[in-house]
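Visitor: Quick one, what's the 3D model for this:
(chains A and B)
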Amino acid sequence: MQIRPILSTLRHHKLTAILLTLQVAFTCAIVCNVAFMVAKRVQRISVPTGIAENELSAISSSGIEKGENMQARQTADLAALRAIPGVRSAVAVSYSLPLNQSESSSGICPSKQALDRAMQLNSIDGSGCVQPASYDGTPGLIATLGLQLVAGRDFLPDEYVGKGKPAVAIITRALAQKMYPGRPALGQSMYDGDHFIRVVGIVDTLLRPALRKPGVDGDSLIWPQRPDGSGVTYVLRSAPQDRQRVLKAAEAALLQASPNRIIAPGQMQTYTQIRRAYFQRDTTMIGLLIASALGLLFVTALGIAGLANFWVQQRTRSIGIRRAIGATRGDILHYFQTENFLIVTAGVVLGVVLAVVLNLLLMTHYELPRLPLWYLPIGALALWALGQLSVLSPALRAAAVPPVVATRSV
Amino acid sequence: MFDYYLRLALRRCRQNVPMVLLLVLTMAIGIAACMTAMTIFRALSGAPLPGVSPYLYVATMDAREEVDKDNPDYKQPDSLLKLVDARVLVDAHRAVQQVAVAQSLTLLGDMDGRKSEQAYGLMAYGLAVQALGVPLRYGRPWTEAELAANAPVLVIDTHVAQKLFGTEDAVGRSVMLGQRSFRVIGVSGEWKPRVQIFNLAENAGSVMGQEENFFVPAQAALDAGVGPLIAGECGKGAPVVSFQSAAVAQCRWMETWVRLDTPSQLADYGRFLAGYADAQHDAGRFAYPPQAKLYGTQAWMTLNRVVPDDVHLNLMLAGAFLLLCLVNVAGLLAARFLRRQGDVAIRRALGASRRDVFVQHLVETGLLGLIGGALALPLTWLGLWIVRMQPVSYAEAARFSPGVFVILFALSVGVGLLVGILPAWRVCRQPPALQIKIA
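Guide: Numbering: from 1, shown residues only, chains lettered A, B, ... in the order given. As a prediction, this is how the structure comes out:
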């Protein structure tokens, strides 16, 4: 296929060709960036929490009776909950669960020296001290949540405290590596400013209740501490399909154990619901981004097809002449396909540059990382494919023009 | 001449219906996407309290009284103050108007205990009704004397009045708030900031403002055992603060808002605030250099990112979408116009000037733009409806307003003319002789 005749034809339609090129370029730039944003959000919402997500449900209760013995209340509640058919285990936590947004966190240092360093710097950055999310709960928390203990042991019954500071803690692997890089964290004594806390166990993953940034989202710490406020969240583990039923039964059981409490309807959730609620905005945004990317591609495809159609109509006579002097259908088909390929290629070259510029622009305004370069060739391929697909029907129509048209005047 | 061009344009539109449909639909989709995003953006970025909030400033300072090893830096300006500090700032009367407020969520009941209503309201020190521009329907706001005496008086809104007493004019009635009876001295109309402005540090993630159903002097409410919704930052050694406790003496829970009308008032008040804060630091009360600063409502909302980034991103995306639709339509129009060079050649040969040809084509594209705009109207409505169905915090902002019509109309004509400029210019550029040759 000779390119020169195509180029000289395009020269006659400079404005239209330039506009089409621009359109392809914009589409390429925007779609590459949108695809990247979608990928980032998908990555964000698929972060593992480290717990047995589809077997857990949570129900929160706040006592309204003054001076109630909370520990006794919890023990009785837990007994009632464990008696529900289908409940494999149940524990009470104060309020924190991964991704439920109720976070409690406080600073902790790998050693006393690190704390002194932090005080000197007047900042915890660079001192080795960190701010992990704190989790608490009644005995059996690790097993109920389904956490993977990779080193050390679970808490011993006599390590649990009600009020006051426990002497031991279990930390996540991410936190261990951050606080004690290059040495075993198990058995180390962390310092919180008042007490030394010994690390007795390390769990693989336990995500924070509220995400901050990827580097610190896995920094969590579990205290052997029973919840002692009037509000408490019970975590139930059951078979995935039993969860709704178990939640209803749990509400009834709790109200039967003591009617002096409030169980808000929004506070009875399966863990799947908790997770979905946390990422609600991201899911909506993903839908919107995908919809707009598809919309862009669709409009571009319409534009290419519309214009190609126009050109075919306009050139019916020249096509006829070409057919009459020996061009095959394939030649005509290829002519339009090559023409489209040239325009899209020009658009893609410009579009790749625009995509990078747009990404740099977005980086300055939003917390968006740099666009990985491999998005660009994929975007280019997608647009080539889109161009060829949209031009196919008009090109076939052109190929079907009979040579006899040459003898008629249009 | 204009209506001749218009008739011509209409006639031409009828000639190639699929093409015209493609053109107007592309424009309509672009305009609708842009309008949807713009409606939400406009609703969220306007003044939260029209006529009032542009003059309101919130006082911020690092008022922590203990060294906080977890957070030694004061990276984010903090608006929460203890009641004692808020009282000093309000009592100084150095601004045009001043009030310290905190949100509360509590049960309001009638005296028989038969009817009660859970309601959001503001606990305030200062003349809240005047300072915040609360519209009073009946009665009067509380006075400085009542405030000083911690008198049990309150202002409720018509909604609560209707619920408790079956009438809007509930002035003089008594309401149970906490453990005490409060006299209703005023009834307000609906008061709701369009966007969340109070206690942004703790209200992160909520975008839309909360309707406040009652206004009560803070100390009187505390005396009755009613505390703020969020106890804020409580110092060490404070009694354990539970949900909505009234034992908040050790806590920083109030925000001080002042009304300042002129730049010189702003500068003066800034100096006064800094002076007060520095004095507290020098006296050893505040542990850190206070860095006191006033923030205007809008700046405060921007700083706390009340309007989610997603909304900006949506707007940009919609803008890009519209741009692409425009390029698309311009390309198609160019092809469409150039195809009719023959007609133009004849008109030119008969004496039409380039300007005539240009205007004629612009009228045609303007008409297409208008049709596109008309089609965009139901599409925008559909877009807003879809957004309202989404469980996002700003869904309520996606409402059709009369202003939207005006913008939509202007946008569609503008779009029609804009896309037409290049193709129309191109078609009128060629000399008549050449065009006749082609024809």
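Visitor: what sits against the residue nearest to residue B:293 when sequence neighbours are not counted?
Guide: Once flanking residues are discounted, residue B:293 sits nearest to residue B:60: 5.3 Å by C-beta to C-beta, 6 or more residues apart in numbering or on different chains. Glycine gets a C-beta too; all of them are placed from N, C-alpha and C. Applying C-beta atoms under 8 Å, 6 or more residues apart in numbering or on different chains to residue B:60 gives the contacts B:77-79, B:292-295.
Visitor: Please apply the same query to residue B:397.
Guide: Counted by C-beta under 8 Å, 6+ apart, residue B:397 has contacts B:39-40, B:43-44, B:207-208.
Visitor: Closest to chain A out of those residues?
Guide: residue B:207 (10.4 Å; C-beta to the nearest C-beta).
Visitor: okay but the closest one is in contact with residue B:195, surely?
Guide: Yes: proximity of residue B:207 to residue B:195 meets the contact threshold set by C-beta atoms under 8 Å, at 6.4 Å.
Visitor: Report the set of residues contacting both of the two.
Guide: The contact sets of residue B:207 and residue B:195 overlap at B:44, B:306-307 (C-beta under 8 Å, 6+ apart).
Visitor: Among those, name the ones in strands.
Guide: Residues of these located in strands (DSSP state E): none.
Visitor: Need these in CSV (columns: pLDDT and neighbour count).
Guide: Shown next, in CSV, are the shared contacts of residue B:207 and residue B:195 (pLDDT from 0 to 100; neighbours: other C-beta atoms under 10 Å in any protein chain shown):
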residue, pLDDT, neighbour count
B:44, 81, 21
B:306, 82, 25
B:307, 81, 20
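Visitor: got JSON lines for these, with distance to residue B:385 too?
Guide: Compiled in JSON lines, these are given as follows (distance: C-beta to C-beta, whole Å):
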{"residue": "B:44", "distance to residue B:385": "18"}
{"residue": "B:306", "distance to residue B:385": "24"}
{"residue": "B:307", "distance to residue B:385": "21"}
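Visitor: near chain A too, which of those residues?
Guide: Applying C-beta under 8 Å from any C-beta of the partner chain, the subset of the shared contacts of residue B:207 and residue B:195 adjacent to chain A is empty.
Visitor: quick one: which of these is nearest residue A:116?
Guide: residue B:306 (38.9 Å; C-beta to C-beta).
Visitor: Would you agree the closest one is in contact with residue B:200?
Guide: Yes: using C-beta under 8 Å, residue B:306 makes contact with residue B:200 at a distance of 6.3 Å.
Visitor: which stretches of chain B have low pLDDT?
Guide: Counting by pLDDT under 70, the ranges of chain B that qualify are B:69-72, B:204-205, B:235-245, B:430-439.
Visitor: what about the helices in it?
Guide: Listed in chain order, the helices found in chain B under DSSP state H are B:2-15, B:17-45, B:83-91, B:128-131, B:144-148, B:158-165, B:218-223, B:263-282, B:297-303, B:309-339, B:341-349, B:354-389, B:402-429, B:432-438.
Visitor: Ok, the stretch 201-350 of chain A next?
Guide: Taking DSSP state H, counting those that start in this stretch to define them, one finds helices in the stretch 201-350 of chain A at A:243-257, A:271-278, A:280-314, A:316-324, A:329-365.
Visitor: how about TSV for those helices, with mean pLDDT added?
Guide: As requested, the helices of the stretch 201-350 of chain A are exported to TSV (pLDDT from 0 to 100):
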stretch	mean pLDDT
helix A:243-257	92
helix A:271-278	91
helix A:280-314	88
helix A:316-324	88
helix A:329-365	92
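Visitor: Present these as JSON lines; the columns should include mean neighbour count and distance to chain B.
Guide: As requested, these are exported to JSON lines (neighbours: other C-beta atoms under 10 Å in any protein chain shown; distance: least, C-beta to the nearest C-beta, whole Å):
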{"stretch": "helix A:243-257", "mean neighbour count": "17", "distance to chain B": "19"}
{"stretch": "helix A:271-278", "mean neighbour count": "18", "distance to chain B": "8"}
{"stretch": "helix A:280-314", "mean neighbour count": "20", "distance to chain B": "4"}
{"stretch": "helix A:316-324", "mean neighbour count": "18", "distance to chain B": "12"}
{"stretch": "helix A:329-365", "mean neighbour count": "18", "distance to chain B": "8"}
